[in-house]
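*Asks:* Show me the folded form of this:
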Amino acid sequence: MEAKEFGAAVCKVLKDHKAENIVLIDVRGKTDATDFFVVAGGRSMTHTRSLTEHVEEEMEKTGVSPVRTEGVREGRWAVLDYGDVIVHVFNDETRLFYHLEKLWDDGENVTAF
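*Replies:* As a prediction, this is how the structure comes out:
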């Protein structure tokens, strides 16, 4: 599965589990770290943890596991690193603080789900 398709599949899982303000950001050519960021919000720390767990479970069904995870237990900002796609799930307060969408948005590279 190509990175963009994988990112869209992650966005669908997040949407199915009631994540908020889901965006897929194309960062190809802007950073060597990854090709796409998925950014989504959870309504609480528990919801944020749950969302990341659902993404991991559903992507493992396709045979893909994250290379690295961070922050899942805390539930304020969880990161699932799939190499070409990095998934960020924030609670509201932390998302407002970091506002990754603004950092990487060039006006044409963000797709909302």
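*Asks:* so where do the helices sit in this protein?
*Replies:* 3-16, 45-61, 92-98, 100-104 (DSSP state H).
*Asks:* In JSON lines, list those along with distance to Asp35.
*Replies:* C-beta coordinates here come from the backbone N, C-alpha and C atoms, glycine included. Rendered in JSON lines, the data for these read as follows (distance: least, C-beta to C-beta, whole Å):
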{"stretch": "helix 3-16", "distance to Asp35": "4"}
{"stretch": "helix 45-61", "distance to Asp35": "16"}
{"stretch": "helix 92-98", "distance to Asp35": "20"}
{"stretch": "helix 100-104", "distance to Asp35": "12"}
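*Asks:* quick one: pLDDT of the residue nearest the centre of the chain?
*Replies:* Closest to where the C-alpha atoms of the chain average out (C-alpha atoms, centre = their mean) is Val87, at 2.6 Å. Predicted confidence (pLDDT) for Val87: 98.
*Asks:* so which of the helices of the chain comes closest to Val38?
*Replies:* Of all the helices of the chain, helix 3-16 sits nearest to Val38, with 5.0 Å by C-beta to C-beta.
*Asks:* Could you check the angle that closest one makes with helix 45-61?
*Replies:* Between the axes of helix 3-16 and helix 45-61, defined by axes from the mean of the first three to the mean of the last three C-alpha atoms, to 10 degrees, the angle is 140 degrees.
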